[in-house]
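Student: predicted model and sequence below, questions to follow.
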Amino acid sequence: MSMTFRKDRVRVVAIHTIPGTSSDNFQQQVGGTLENFLKLPVVQKNALKLELSLANGGFDQTAQALGLQKSQLNSMVMIEAESIDNLNEIVRDSAFQKIFQGVTQVDNVFNINTSVVFSADVMTCIDK
């Protein structure tokens, strides 16, 4: 089996620190904003996949046994599209920018100063 990067997908991954929140609390804090984002025509047109992840601590002891430090980063947003141009179209949309500016104003949900964001090519190794 040849391990190659896909030519039909690209992702933007954003990793954040959200202090002291549970998944239920997180859903309450961002649920409305997420729904507004998903309704945007530019998102419906360009996004193929959107995933949100929030650390739950279930793997912390195992990771520490491997010598890995517990990260302060505890949430991840991954959005996938056919091309970086599709993702750029989302980000350049004025309705998206308004939602994004609103999220960055809420310190306990999203702190732009402690976030890490990068685009990535995709290599799918297992997909059951």
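Tutor: The structure has been received and is ready for your questions.
Student: residue contacts, the residue positioned nearest the centre of the chain?
Tutor: Geometric centre of the chain, nearest residue: V77, 0.8 Å, by Cα atoms, centre = their mean. Each residue near V77 by Cβ atoms under 8 Å, 6 or more residues apart in numbering is listed here: 13-14, 16, 50-53. C-beta: built from backbone N, CA, C; applies to glycine.
Student: could you export these as JSON lines, including pLDDT, neighbour count and distance to N25?
Tutor: Formatted as JSON lines, the contacts of V77 follow (pLDDT from 0 to 100; neighbours: other Cβ atoms under 10 Å; distance: Cβ to Cβ, whole Å):
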{"residue": "V13", "pLDDT": "96", "neighbour count": "15", "distance to N25": "23"}
{"residue": "A14", "pLDDT": "91", "neighbour count": "16", "distance to N25": "19"}
{"residue": "H16", "pLDDT": "85", "neighbour count": "19", "distance to N25": "15"}
{"residue": "L50", "pLDDT": "95", "neighbour count": "14", "distance to N25": "20"}
{"residue": "E51", "pLDDT": "94", "neighbour count": "11", "distance to N25": "19"}
{"residue": "L52", "pLDDT": "89", "neighbour count": "15", "distance to N25": "14"}
{"residue": "S53", "pLDDT": "89", "neighbour count": "12", "distance to N25": "15"}
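Student: A120: which of these is nearest?
Tutor: Closest approach between the contacts of V77 and A120, by Cβ to Cβ: V13, at 5.9 Å.
Student: tell me the SS of that closest one?
Tutor: Classification of V13 using DSSP: H, G, I helix; E, B strand; the rest coil returns strand.
Student: in space, what's closest to it - neighbours in sequence excluded?
Tutor: Leaving aside its chain neighbours, V13 sits nearest to M78 (5.0 Å; criterion: Cβ to Cβ, 6 or more residues apart in numbering).
Student: what lines up beside the helix or strand harbouring that neighbour in the sheet?
Tutor: Assigned by DSSP states H and E, M78 belongs to strand 75-81. Strand 75-81 has the following sheet partners, assigned by DSSP bridges: strand 10-16 (antiparallel), strand 47-54 (antiparallel).
Student: a markdown table for those strands, including distance to S23?
Tutor: Output for the strands paired with strand 75-81, formatted as a markdown table (distance: least, Cβ to Cβ, whole Å):
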| stretch | distance to S23 |
| --- | --- |
| strand 10-16 | 14 |
| strand 47-54 | 5 |
